[in-house]
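A.B. asks: Predicted model follows, preceded by the sequence.
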Amino acid sequence: MNNYLNSSWISPPLSSSSSPSLSSLAAVLMFLSLFVDGKVVTWGRGTSGQLGHGDMVSIFKPKHVKSLESLVITHVSAGWSHSGFVSDTGCLFTCEDGSFGQLGHGDYDSHCSPLKVSYFDSKHVDQIACGMRHSLVLMKGDTVYGFGFGKRGQLGVSMDNIISISLPQATIGLEGIEIVSIDANGDHSATLSGICTLGEEGLAVLQMFTVLDAFLHLYASSKLLLDGITC
């Protein structure tokens, strides 16, 4: 594993002649690194099983997630106490604290190793966004799903007060909108649409939506081109 280490343990693995190139990094007291070859390493706080190594132990050096080694992972997200992984075949895997239903398995159990979310067996997942106690999933085809803790409206699935749901449910307010990116953190969520319009200066405009019970249009400007979001 020394090929993945830097001078500081909190630094993400960097590309070199002896290690694969880093694709993305997710971190919330734990670190989750995705390489361009689809392999995943994690390290940091693991007291709830969020590192995906089958235990609840914190580790200070990057370690491959063995249960995912046979898969090509294309997207990852680290929540406060849970993690999500998306494969190139559109399968979603989640692990760690599930006490609010944020793992999406239809129960409130926790898992120390990534477990496939069977709800999406017949669907193609594109992205996963893990918040503090909730998750968002973006499908190939633009539909967004929410599950987990929803008392503050962060799931965007109902105008009613929902404490939590353990099975993914489609959001409301984004119907007919081409969503290209999602994000979640704490008790809030946001999406970015791929609907382009021409502004006064001929720039393509992307629209950003935030959520309070239902997703609401937040911002569009003819002078700005949004190409990403973060919560």
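C.D. replies: Nice, I can see it. Note that the coordinates shown come from a computational prediction; the quantities given were computed from them, not determined experimentally.
A.B. asks: Correct me if wrong: residue 59 contacts residue 41.
C.D. replies: No. Applying CB atoms under 8 Å, one finds residue 59 not in contact with residue 41, separated by 10.3 Å. Every C-beta, even on glycine, is put in place using the N, C-alpha and C of the backbone.
A.B. asks: For those two, work out which one has more neighbours and name it.
C.D. replies: Taking neighbours as other CB atoms under 10 Å, residue 59 and residue 41 compare with residue 41 leading, 20 against 16.
A.B. asks: For the helix or strand where the more buried one lies, output the C-alpha coordinates as CSV.
C.D. replies: Assigned by DSSP states H and E, residue 41 belongs to strand 40-44. Only the C-alpha atoms of strand 40-44 are listed here, as CSV (Å, rounded to 0.1, in the frame of the first residue of the first chain):
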residue,chain,number,x,y,z
VAL,A,40,-11.6,2.4,-4.3
VAL,A,41,-9.5,3.0,-1.2
THR,A,42,-10.7,4.4,2.1
TRP,A,43,-9.2,5.5,5.3
GLY,A,44,-9.9,7.7,8.4
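A.B. asks: Which strands and helices lie in contact with it?
C.D. replies: strand 30-35, strand 59-64 (3 or more CB pairs under 8 Å, 6 or more residues apart in numbering; DSSP states H and E).
A.B. asks: Once you drop chain neighbours, what's closest to residue 171?
C.D. replies: residue 156 (4.1 Å; CB to CB, 6 or more residues apart in numbering).
A.B. asks: pLDDT score assigned to the one you found?
C.D. replies: Turning to residue 156, the model gives it a pLDDT of 89.
A.B. asks: again, but for residue 38
C.D. replies: The model's pLDDT for residue 38 equals 88.
A.B. asks: ok, now residue 138?
C.D. replies: pLDDT at residue 138 comes out at 96.
A.B. asks: tell me the contacts of it?
C.D. replies: 125-129, 144, 179, 181-182, 191 (CB atoms under 8 Å, 6 or more residues apart in numbering).
A.B. asks: TSV please, covering those residues and showing neighbour count.
C.D. replies: What follows is these, written out as TSV (neighbours: other CB atoms under 10 Å):
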residue	neighbour count
125	25
126	21
127	22
128	26
129	27
144	27
179	24
181	20
182	25
191	28
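A.B. asks: so of the residues you listed, which ones are in helices?
C.D. replies: Residues of the contacts of residue 138 located in helices (DSSP state H): none.
A.B. asks: hang on, the earlier thing: and the helices and strands packed on strand 40-44, which one averages the lowest pLDDT?
C.D. replies: Sorting these by mean pLDDT places strand 30-35 lowest, at a mean of 68.
A.B. asks: any weak-confidence spans in this protein?
C.D. replies: Residue ranges of the chain with pLDDT under 70: 1-32, 48-50, 195-231.
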